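In: Quick one: sequence and predicted model below, then my questions.
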Amino acid sequence: MLRRVRIVLSIGLMAGGCIAVGQVPQKTTDSLPPETAAPASPTAPRAAVNPARSPVPTRDPHAAGFVAARELVDGAIPPANVDGNFIIGATHNPAPEMAVDNSVPQGTVYEFTMSSADSKIYPGIARDANTFGTADPNDPTRMVVPTSHPAPYTRQVAVYVPKQYVLGTAAPFMVGADGIDRGWFTVLDNLIAQHRVPAMIAISIGNGGGDAQGSERGLEYDTMSGLYAEFVEKEVLPLVEKQYNVKLTNDPDGRATMGASSGGSCAMAMAWYHPEWYHRVLTRSGTFVNQQWPHNDATPHGAWELHEHLIPNSPAKPLRIWMQVGDRDNYNSNALRDNMHDWVVANENMAKVLTAKGYHYQFVFARNAGHTDRATRAQLLPEALEYVWQGYPIAGK
């Protein structure tokens with residue numbers, strides 16, 4: 001099994017700029033993107049309650065306006081060295097690399113906690129429990145969230161260091177969203193041992209809490225800017241290097257981002273706004289829709305702008321991108337009825353504009369799959385990682 005360091009390093013800035021490290025036992029579980037709001041608080045002030053979601057239709061990958069894609073036989077997955085659009089069938093058996101293999105070298109996982117009190121970039125906000133926003137009566141593409149306010153948070157971070165890491169060398173690495181993901185670390189153990197990906201360090205960063213507009217997670221992940229990448233660069237990576245005696249490469253070709261749902265749009269934004277830092281992106285059910293809050297006139301439609309304006313109207317960037325969406329992915333899932341909240345259409349649009357601009361990318365449309373679908377993740381994650389790292393030198397290969 002993965003060797004786990006069963007403590008949390010609680011990191012806070014003390015007087016004089018020293019770092020205080022306390023050892024606090026903590027039970028942790030794998031994290032996945034939140035799908036619903038936090039439980040209600042009986043004393044919380046209420047805004048408009050999130051309306052019931054529209055029924056999620058099953059989308060046809062051959063529908064008019066969708067990208068032309070190669071349909072694979074049921075159970076098959078795309079090759080890891082081929083660009084383009086693919087449709088996979090309804091059967092989603094887990095890849096063998098998802099299982100722990102005690103015969104291969106096992107990485108070590110370290111965990112620590114970060115506090116909003118120590119962040120100069122994200123001091124913290126929250127939306128009151130069991131409240132949501134309403135559409136701006138003067139602009140149906142904007143959300144009004146009166147119950148969002150400053151609030152503290154803590155976030156969990158896990159750092160996977162492969163057994164093959166050579167002390168003192170600058171390692172490639174990957175940044176993942178939405179917290180500790182032990183399944184990812186298991187896959188890396190297996191793929192690294194098979195020389196299918198480089199011996200990379202993986203940094204799994206929890207979000208600041210909540211979901212969607214008015215929340216800390218929404219602010220971090222759905223904002224179209226380079227701010228989250230700057231938070232990682234300035235406030236997370238230096239701690240990782242200092243605490244665990246590792247060096248992280250400065251070569252953008254050796255840096256990758258990964259996320260699901262809003263974590264996926266965040267992963268894309270990190271590389272889009274800072275291609276000098278990241279060249280590789282992996283997204284599942286990417287929230288390339290109009291979720292940004294607060295409003296920004298430069299990107300008024302949030303992550304929908306990626307395929308609406310940003311990618312079509314910009315020179316191609318040196319990015320390699322893997323994307324997946326399900327046929328029952330999210331559809332019109334909040335108070336806005338703006339025709340910019342269909343996750344399938346958004347991901348299909350991404351594939352179209354990436355094709356038009358000549359990007360290296362692979363897009364997988366999965367039948368019998370919902371939003372951030374666990375079965376398709378287990379089926380596709382090893383291939384996705386191998387695709388994203390194509391072209392990077394692998395020792396021993």
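Out: Sure, I can see it. Numbers count the residues shown, from 1 in each chain.
In: Tell me where the chain has helices.
Out: 182-193, 216-222, 227-231, 237-244, 262-273, 304-305, 343-356, 374-388 (DSSP state H).
In: packing partners for the fifth one?
Out: Using 3 or more Cβ pairs under 8 Å, 6 or more residues apart in numbering; DSSP states H and E as the contact definition, the elements that helix 262-273 packs against are strand 173-177, helix 216-222, helix 227-231, strand 255-260, strand 280-284. The C-beta positions use only the backbone N, C-alpha and C, and glycine is treated the same way.
In: Alpha carbons of the first one, as PDB, please.
Out: Listed next in PDB are the C-alpha coordinates belonging to strand 173-177 (Å, rounded to 0.1, in the frame of the first residue of the first chain):
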ATOM      1  CA  PHE A 173       4.700  17.500 -10.700                       C
ATOM      2  CA  MET A 174       0.900  17.600 -11.000                       C
ATOM      3  CA  VAL A 175      -1.600  19.800  -9.000                       C
ATOM      4  CA  GLY A 176      -5.000  18.300  -8.300                       C
ATOM      5  CA  ALA A 177      -8.100  20.000  -7.100                       C
END
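In: related to what we said a few turns ago, please identify the deepest-packed of the helices of the chain.
Out: Mean neighbour count (mean count of other Cβ atoms under 10 Å) peaks for helix 262-273 among the helices of the chain, with a mean of 28.
In: Go through the helices of the chain and name the closest to Val73.
Out: helix 374-388 (13.8 Å; Cβ to Cβ).
In: Between strand 280-284 and that closest one, find me the angle.
Out: Taking axes from the mean of the first three to the mean of the last three Cα atoms, to 10 degrees, one finds helix 374-388 and strand 280-284 inclined to each other by 170 degrees.
In: Quick one: mean pLDDT for helix 374-388?
Out: Mean pLDDT, helix 374-388: 98.
In: Pull the distance from it to the chain's centre.
Out: 14 Å (Cα atoms, centre = their mean, to the nearest Å).
In: can I get the helices and strands packed on helix 262-273 in CSV with distance to Gly75 and mean pLDDT?
Out: CSV is the format used below for the helices and strands packed on helix 262-273 (distance: least, Cβ to Cβ, whole Å; pLDDT from 0 to 100):
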stretch, distance to Gly75, mean pLDDT
strand 173-177, 27, 98
helix 216-222, 33, 97
helix 227-231, 36, 98
strand 255-260, 22, 98
strand 280-284, 19, 98
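In: who wins for proximity to Val364 among the helices of the chain?
Out: helix 374-388 (6.4 Å).
In: Output the contacting helices and strands for the closest one.
Out: strand 84-88, helix 182-193, strand 255-260, strand 280-284, strand 320-326, strand 360-366.
In: out of the ones you listed, nearest to Glu386?
Out: helix 182-193 (6.5 Å).
In: name the helices or strands packed onto the closest one?
Out: Using 3+ Cβ pairs under 8 Å, 6+ apart, helix 182-193 sits against strand 154-161, strand 201-205, helix 374-388.
In: between it and strand 154-161, how many degrees?
Out: Per the same axes, to 10 degrees, the angle that helix 182-193 makes with strand 154-161 is 20 degrees.
In: tell me the angle of helix 182-193 relative to strand 173-177?
Out: Using the same axes, to 10 degrees: helix 182-193 against strand 173-177 is 160 degrees.
In: as a whole number, average confidence for helix 182-193?
Out: 97.
In: And that helix, how far out from the chain middle?
Out: With Cα atoms, centre = their mean, you get 17 Å for helix 182-193.
In: Which of the helices and strands packed on helix 262-273 sits closest to Gly133?
Out: Across the helices and strands packed on helix 262-273, closest to Gly133 is helix 216-222 (Cβ to Cβ), at 10.3 Å.
In: Could I get the CA-only coordinates of that closest one as CSV?
Out: In CSV, the C-alpha atoms belonging to helix 216-222 read as follows (Å, rounded to 0.1, in the frame of the first residue of the first chain):
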residue,chain,number,x,y,z
GLU,A,216,-14.8,30.0,-1.4
ARG,A,217,-14.6,27.0,-3.7
GLY,A,218,-16.5,28.9,-6.3
LEU,A,219,-14.3,31.9,-6.0
GLU,A,220,-11.1,29.9,-6.3
TYR,A,221,-12.3,27.5,-9.1
ASP,A,222,-14.8,29.4,-11.2
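In: How about residues contacting that helix?
Out: 34, 122, 124-126, 151, 153, 177, 207-213, 228, 231, 259, 262-263, 265-266, 287, 291-293, 302-303 (Cβ atoms under 8 Å, 6 or more residues apart in numbering).
In: Of the residues you listed, keep whichever come out buried.
Out: In those, burial by neighbour count holds for 34, 122, 124-126, 151, 153, 177, 207-213, 228, 231, 259, 262-263, 265-266, 287, 291-293, 302-303, counting by 16 or more other Cβ atoms under 10 Å.
In: follow-up on the earlier one: now the helices and strands packed on helix 262-273 in TSV, please, with extra columns for distance to Thr376.
Out: As requested, the helices and strands packed on helix 262-273 are arranged in TSV below (distance: least, Cβ to Cβ, whole Å):
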stretch	distance to Thr376
strand 173-177	17
helix 216-222	21
helix 227-231	25
strand 255-260	11
strand 280-284	8
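In: from what I can see Tyr328 touches Thr58, true?
Out: No, residue 328 isn't Tyr; it's Arg. Yes - Arg328 is within contact range of Thr58, at 5.5 Å (criterion: Cβ atoms under 8 Å).
In: Between the two, which is the more surrounded one?
Out: Arg328 (19 against 12; other Cβ atoms under 10 Å).
In: residues touching the more buried one, list them.
Out: By Cβ under 8 Å, 6+ apart, the residues touching Arg328 are Val56, Pro57, Thr58, Arg59, Asn368, Ala369, Gly370, His371.
In: Could you turn the buried ones of the residues you listed into a PyMOL selection?
Out: To isolate in PyMOL the members of the contacts of Arg328 that are buried, counting by 16+ other Cβ under 10 Å, one can use:
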select buried, resi 56+59+368+369+370+371
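In: of the contacts of Arg328, the lowest pLDDT goes to which?
Out: Within the contacts of Arg328, pLDDT is lowest for Val56, at 84.
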